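**Student:** Any chance you could fold what I've pasted below:
(chains A, B, C and D)
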Number of protein chains: 2
Amino acid sequence: MPKVPHISDAEWIVMEVLWTSSPLTANQIVESLGKQSGWNPRTIKTMLNRLVKKGAIKYETEGKRYLYRPAISRDVCVKGESRSFIQRVFGGNVGPMLAHFVEETKLTPEQVRELRKLLEDKE
Amino acid sequence: MPKVPHISDAEWIVMEVLWTSSPLTANQIVESLGKQSGWNPRTIKTMLNRLVKKGAIKYETEGKRYLYRPAISRDVCVKGESRSFIQRVFGGNVGPMLAHFVEETKLTPEQVRELRKLLEDKE
DNA sequence: TGTAATAGATTACGTATGTAATCAATGGGG
DNA sequence: CCCCATTGATTACATACGTAATCTATTACA
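**Tutor:** Numbering: from 1, shown residues only, chains lettered A, B, ... in the order given. You can find the predicted model right below:
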């Protein structure tokens, strides 16, 4: 039952840290987020707790230290969030969603080329 | 100050009704959502209230009837929600987001053709 | 060995959301 | 002209989220 838990905005930022490198101790995560995040370390601890509770991360105790690591892959989360976003905003239709963004967004020539290549491979 | 209010999942469904056709009375909205939604009419009334409060819809009283209509366009909401989604999940980078979906999604030949056309126009 | 510093666990609290029930005003039928 | 049905407004309540503070257990130091 790969029930993808919903990762909130703030939680997502914490997850990124662990997806980038893990395992990490709570303190390493706090440091990694650093002052830029503007979060009190307590706040980060709280989020770690909640993420554990919702099964997004897990920890092992190495001696007395807690080592956190993701319990679900970034890819799975991206798919989950994407699905619900596209469902909500585009009624589940990816095609129109893509069209919307291709039209709406400034893309670099590189990106345009890459997308065209991907589309060619589709056919 | 086109501050785009956040439209929640459930609220979005109500908004779709009004974006599709408006103005409507509360009852027409309830009917339009019908049993498929599984919502108690009270629930729908509550959402209408909240949407009014957050400035997503407005109403005029025609005689004693309340006529609801959107106060913000679907397009503006789509842009707002998209921005926060892409920010969260793709760090704000639309290019990779598009690449992800083009790769991940089954698209009809039509859709592929349309996207390629849009991309051509981009260059 | 008693005490302070750590660090995870628990509790806090305001806002948002999902999902309603209850209140109150108003108009139509008897 | 009064009472009920209708409909928007107010209130309810549990869960999620953002943001912490406090409690507690453990460890390092004086």
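
**Student:** wait, what's in contact with the residue nearest to residue A:73 when sequence neighbours are not counted?
**Tutor:** Among residues not flanking residue A:73 along the chain, residue A:19 sits closest, at 7.7 Å (Cβ to Cβ, 6 or more residues apart in numbering or on different chains). The C-beta positions use only the backbone N, C-alpha and C, and glycine is treated the same way. Taking Cβ atoms under 8 Å, 6 or more residues apart in numbering or on different chains, we find residue A:19 in contact with A:70, A:73, A:74.

**Student:** For the lengthiest helix in chain A, buried residues please.
**Tutor:** Longest helix of chain A, by residue count under DSSP state H: helix A:74-90. Residues of helix A:74-90 classed as buried: A:74, A:77, A:78, A:80, A:81, A:82, A:85, A:86, A:88, A:89, A:90 (neighbour count, 16 or more other Cβ atoms under 10 Å in any protein chain shown).

**Student:** Any part of it near chain B?
**Tutor:** Yes - applying Cβ under 8 Å from any Cβ of the partner chain, one finds helix A:74-90 touching chain B at A:77, A:78, A:79, A:81, A:82, A:84, A:85, A:88, A:89, A:90.

**Student:** pLDDT score assigned to the fourth one?
**Tutor:** Model confidence at residue A:81, given as pLDDT, is 92.

**Student:** I'd guessed it sits against residue B:85; true?
**Tutor:** Yes - using Cβ atoms under 8 Å, residue A:81 makes contact with residue B:85 at a distance of 7.2 Å.

**Student:** Is the strand or helix carrying residue A:113 positioned near chain B?
**Tutor:** Using DSSP states H and E, the element containing residue A:113 is helix A:109-122. Yes - counting by Cβ under 8 Å from any Cβ, chain B is contacted by helix A:109-122 at A:109, A:111, A:112, A:114, A:115, A:116, A:118, A:119, A:120, A:122.

**Student:** At the contact with DNA strand C, which residues of chain A appear?
**Tutor:** A:25, A:26, A:27, A:42, A:45, A:46, A:49, A:52, A:65, A:66 (Cβ under 7 Å from any atom of the strand).

**Student:** Any regions of chain A where pLDDT drops low?
**Tutor:** Across chain A, residues meeting the criterion (pLDDT under 70) sit at A:1-2.

**Student:** what's near enough to touch the closest residue to residue A:65 other than its chain neighbours?
**Tutor:** Of all residues beyond its chain neighbours, the one nearest residue A:65 is residue A:25 (5.5 Å), with distances taken as Cβ to Cβ, 6+ apart. For residue A:25, the contacting residues are A:65, A:66, A:67, A:68, by Cβ under 8 Å, 6+ apart.

**Student:** number of nearby residues for the closest residue to residue A:86 other than its chain neighbours?
**Tutor:** Leaving out its chain neighbours, the residue that sits closest to residue A:86 by Cβ to Cβ, 6+ apart is residue A:97, at 5.4 Å. If you count neighbours by other Cβ atoms under 10 Å in any protein chain shown, residue A:97 ends up with 22.

**Student:** Please verify my assumption that residue A:97 contacts residue A:88.
**Tutor:** No - in this structure residue A:97 lies outside contact range of residue A:88 using Cβ under 8 Å: 10.9 Å.

**Student:** who in chain A is up against chain B?
**Tutor:** With Cβ under 8 Å from any Cβ as the criterion, chain A comes near chain B at residues A:9, A:12, A:16, A:77-79, A:81-82, A:84-85, A:88-91, A:94-95, A:97-105, A:107-109, A:111-112, A:114-116, A:118-120, A:122-123.

**Student:** Are any of the residues you listed buried, and if so which?
**Tutor:** Neighbour counting by 16+ other Cβ under 10 Å classes A:12, A:16, A:77-78, A:81-82, A:85, A:88-90, A:94-95, A:97-102, A:107, A:111-112, A:114-116, A:118-119, A:122 among the residues of chain A next to chain B as buried.
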